[in-house]
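Student: predicted model follows, preceded by the sequence.
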Amino acid sequence: MDILLLNVATEIGGPLGLVGSGLPRVVNFLIFVAALYYLLRKPVNEFFRQRAQAIARELEEARRAREAAARELEQTRARLARLDEEVAAIRARAEQEAEAEYERLWREAQIEAEKIRAVAEREIEMARRAAELELKTFLVERAMARARALLRQQLTEEDHQRLVAQFIEGLAEVPR
């Protein structure tokens, strides 16, 4: 069994087992890592610091954009609320204007109807007067024609002379 252990120890790296165990590789790796750390510490720190600043800036810009979007959303909601109010106000104003226009047109129609009625009454009155005048004229003409006919039948030459004389005297009395 001792031989077996000795063979294993030899294969590992000698009686101590350190040389073949990979310890030098680990030490080399640690030195390499330490050198990398020493050389890259400032650039890596600077990179991560700049990256952190960029992320902070982007977060701040995102926060500002979110706040601006929230303000704009609130303004839009307020405008929409006012829009409903404005639509209601416009509708109410349009209804009032329509009612006022209806009343105005109704008054104008009544005034116009009254004018037409007055004109019609005047025309009727004028037509009545014209008819009366025409009737009177007709009656006077008929009466005169009848009177002439009666006078011709009953008037003598002496009556005629007397009537002409009276007419001439009447003309003499008329002031000039």
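Tutor: Received it, and whenever you're ready, just let me know what you need.
Student: now do the longest helix along the chain: distance to the chain's middle.
Tutor: In the chain, taking DSSP state H as the definition, the longest helix is helix 23-154. Per Cα atoms, centre = their mean, to the nearest Å, the displacement of helix 23-154 from the mean C-alpha position of its chain is 2 Å.
Student: one more: stretch 165-172?
Tutor: Its chain's C-alpha centre and that of stretch 165-172 lie 90 Å apart, by Cα atoms, centre = their mean.
Student: picking that back up, relative to helix 23-154, how tilted is whichever helix or strand comes after the longest helix of the chain?
Tutor: Next helix or strand after helix 23-154 toward the C-terminus (DSSP states H and E): helix 157-173. If you take axes from the mean of the first three to the mean of the last three Cα atoms, to 10 degrees, helix 157-173 sits at 130 degrees to helix 23-154.
Student: what comes up buried for helix 157-173?
Tutor: Residues of helix 157-173 classed as buried: none (neighbour count, 16 or more other Cβ atoms under 10 Å). For glycine as for every other residue, the C-beta is placed from the backbone atoms N, C-alpha and C.
Student: show the average pLDDT along that helix.
Tutor: For helix 157-173, the mean pLDDT works out to 86.
Student: same check on stretch 55-66?
Tutor: Stretch 55-66 comes out at a mean pLDDT of 94.
Student: stretch 21-41 too?
Tutor: Confidence over stretch 21-41 (mean pLDDT, whole number) is 90.
Student: to what extent is Gly22 buried, counted in neighbours?
Tutor: 13 (other Cβ atoms under 10 Å).
Student: and it, how close does it get to Leu150?
Tutor: 174 Å (Cβ to Cβ, to the nearest Å).
Student: same question for Arg91.
Tutor: Arg91 is 86 Å from Leu150, by Cβ to Cβ.
Student: what's the answer for Leu59, then?
Tutor: If you go by Cβ to Cβ, the gap between Leu59 and Leu150 works out to 132 Å.
Student: also Val140?
Tutor: Relative to Leu150, Val140 is positioned 15 Å away (Cβ to Cβ).
Student: now do Leu39
Tutor: In terms of Cβ to Cβ, Leu39 sits 160 Å off from Leu150.
Student: can you tell me the SS state at Pro175?
Tutor: What DSSP: H, G, I helix; E, B strand; the rest coil gives for Pro175 is coil.
Student: nothing else from me, thank you.
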